[in-house]
Every structure is written in C-alpha cells, then in structure tokens.
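Participant: Test case, fold it:
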Amino acid sequence: MTAIDLRDLKRLTGGNEEEIERAIKELFTYRRWTTEQEKRSAPVSEALQLAYKTILLNVPASPSRTRALNCLTDARMLANQAITFGGDV
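Facilitator: Numbering: from 1, shown residues only. This next block holds a predicted model:
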C-alpha cells in the first residue's frame, strides 16, 4: 500500500479512504521540534516580530493595517508548518 504524500493531499480527488485518513492524521499530529528546527525558526520569528512592531508604530489604524498584521500572523504559521514538515506541505 502506497502512502499519500502530504504534498499531494490537497490535490487528491479519490483514493483509499484509510490512506486518506492516515495522511490527514499525520498532517494534524503535533510534532515537537528538533533543536535544528528551533534554530531555523528563531530568525523567522524575530523578523516577523519586527515587521509587526514596525507596522503598529508607523501605519495608521485601519482595515488595511489589520489585514497586514493578519498576514504576518499567517506568514508565521505557514513558516512553522514548512519547518515542521521539512517543506513537504
């Protein structure tokens, strides 16, 4: 039985239901980071924190500013996901 590659999961249109369930469980299972992953994460976090602070201090409160701040939060979550899965998702 071939496991579903997490990179292909969102494009999946059919397949073995058990394999799909395993792949989804894999995607949503917590993983403790290795020391290397923590080291790679630190500069990303620092850069996004600086960007967040810079926007708060220099951009007038507005729906656009809120969207910009939300994008930084999304960027952090997506970067974490890429680090966690080694670029497979």
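
Participant: May I ask you to confirm that L12 is in contact with I20?
Facilitator: Yes - L12 is within contact range of I20, at 6.8 Å (criterion: C-beta atoms under 8 Å). Backbone N, C-alpha and C define where each C-beta goes, glycine included.

Participant: what ranges of this protein fall below the confidence cut-off?
Facilitator: For the chain, the stretches flagged by pLDDT under 70 are 1-4, 13, 15.

Participant: So for it, the centremost residue is which one?
Facilitator: L78 (2.2 Å; C-alpha atoms, centre = their mean).

Participant: quick one: contacts of the host helix or strand of that residue?
Facilitator: Here L78 is covered by helix 63-85, with elements defined by DSSP states H and E. Contact with helix 63-85 is made by 6, 31, 33, 37, 40-41, 44-45, 48, 51-52, 55-56, 59, 89, as judged by C-beta atoms under 8 Å, 6 or more residues apart in numbering.
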